[in-house]
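Trainee: what would the 3D arrangement of this be:
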Amino acid sequence: MKSIKWWNAFTQTVMATALVISIAYFDFGVILPFSRGWIRLIETTLSAGISLFFIRKYAPGAMQFIRLPRINPRFVIALFFTIFMCSTLLGGMKVHEKSIGGWFAGIVAALCVGITEEFFCRGYLLGALARLGIWRAALFSSIFFGVLHFINVAAGQGLGPTTAQVISASGFGFFAAGFTLFSGSIYPAVVIHAAVDLPIMLSNHTHHVKSLGKGELAGSLHLALWWGVLGLLFIFGTYKFHKLEPLLIKWKLVEETKSVTDNDPSI
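Mentor: Okay, the predicted model is just below:
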């Protein structure tokens, strides 16, 4: 019976992954007479809809992350951290796009990627693995998220650069999982994910990188470690926040609120 349940979970994950990836890589512009911006929005809506379907059917506990966030101490901290991270990530970026229209298109594209990937990996996948406990769920979902980037090889990117991307993406996935668990909402991770991708969307690269640059692999390992440490802190905080919250309330940094999920580390 247990093996049947695992096989069902595996089958569901494969189906969801295939559907989301097929939508992400299918060029709807071939059949729809819309601009690239509208095509992105259509693709994002479809992929997010598929993720929501699988969440509701196979991981209903994760629906709490998709609903509008509750304004509680955890979310307030997550909100300030999101603002800090976005200002740090975007503060020193160098881009080639100069026009307002180009910036708008880049921001929309980055948000679309963030919504698509976070709804699937930190919504459905993290929720589906919740039965393993939040540590294992965060670890396995982040590795799966990283490995998914190997599909970029099929799009023309070199194996070396893709491997480096898989490493850094896995680290970011672990951070995003911990941040989602801590804040109780998927939306801060969506915004940070978009901030990470925005410089790429605003660059003038028109081709995939074929080979690794000097120090890129070491840089990816360093980046993955940095994201991973942040993820560990947030997952640990999911368990231990109840010890820190009274001090924050005493110092009037946050207001006291009551929520049945505030001290519940489960999904």
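Trainee: the lengthiest helix in the chain - contacts with which helices or strands?
Mentor: The longest helix of the chain (DSSP state H) is helix 216-250. Helices and strands touching helix 216-250, as assessed by 3 or more Cβ pairs under 8 Å, 6 or more residues apart in numbering; DSSP states H and E, comprise helix 73-91, helix 134-148, helix 159-183. All C-beta atoms are positioned from the backbone trio N, CA, C, and that covers glycine.
Trainee: was I right to think residue 118 contacts residue 192?
Mentor: No. Taking Cβ atoms under 8 Å as the definition, residue 118 is not a contact partner of residue 192, at 9.3 Å.
Trainee: overlap in contacts of these two?
Mentor: The contact sets of residue 118 and residue 192 overlap at residue 176 (Cβ atoms under 8 Å, 6 or more residues apart in numbering).
Trainee: and those two? Which one has more around it.
Mentor: When neighbours are counted by other Cβ atoms under 10 Å, residue 118 comes out ahead of the other of residue 118 and residue 192, with 29 against 24.
Trainee: in what helix or strand does that one lie?
Mentor: Counting by DSSP states H and E, the element that carries residue 118 is helix 100-118.
Trainee: report the mean confidence score over the helix or strand that that helix is followed by.
Mentor: Past helix 100-118, heading to the C-terminal end, the next element that is a helix or strand (DSSP H and E) is helix 126-128. The pLDDT scores in helix 126-128 average 93.
Trainee: contacts for helix 126-128?
Mentor: Identification of contacts with helix 126-128 by Cβ under 8 Å, 6+ apart yields 9, 12-13, 54-55, 58-63, 65, 137-138, 141, 177, 180-181, 267.
Trainee: same check, this time on stretch 50-64
Mentor: The set of residues external to stretch 50-64 that reach it, using Cβ under 8 Å, 6+ apart, is 9, 12, 16, 19-20, 23, 66, 116, 119-120, 123-124, 126-128, 130, 184, 261, 266-267.
Trainee: mark which of these are buried, thanks.
Mentor: Buried by 16 or more other Cβ atoms under 10 Å: 12, 16, 19-20, 23, 66, 116, 119-120, 123-124, 126-128, 130, 184, 267, out of these.
Trainee: residue nearest the centroid of this protein?
Mentor: Residue closest to the average C-alpha location in the chain (Cα atoms, centre = their mean): residue 118, at 3.6 Å.
Trainee: hey, C-alpha coordinates of stretch 80-87 in CSV?
Mentor: Output for stretch 80-87, consisting of C-alpha atoms alone and laid out as CSV, is shown next (Å, rounded to 0.1, in the frame of the first residue of the first chain):
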residue,chain,number,x,y,z
PHE,A,80,11.1,44.0,5.3
PHE,A,81,13.5,41.2,4.3
THR,A,82,12.0,41.1,0.9
ILE,A,83,12.4,44.9,0.4
PHE,A,84,16.0,44.6,1.7
MET,A,85,16.8,41.7,-0.6
CYS,A,86,15.3,43.3,-3.7
SER,A,87,17.2,46.5,-3.0
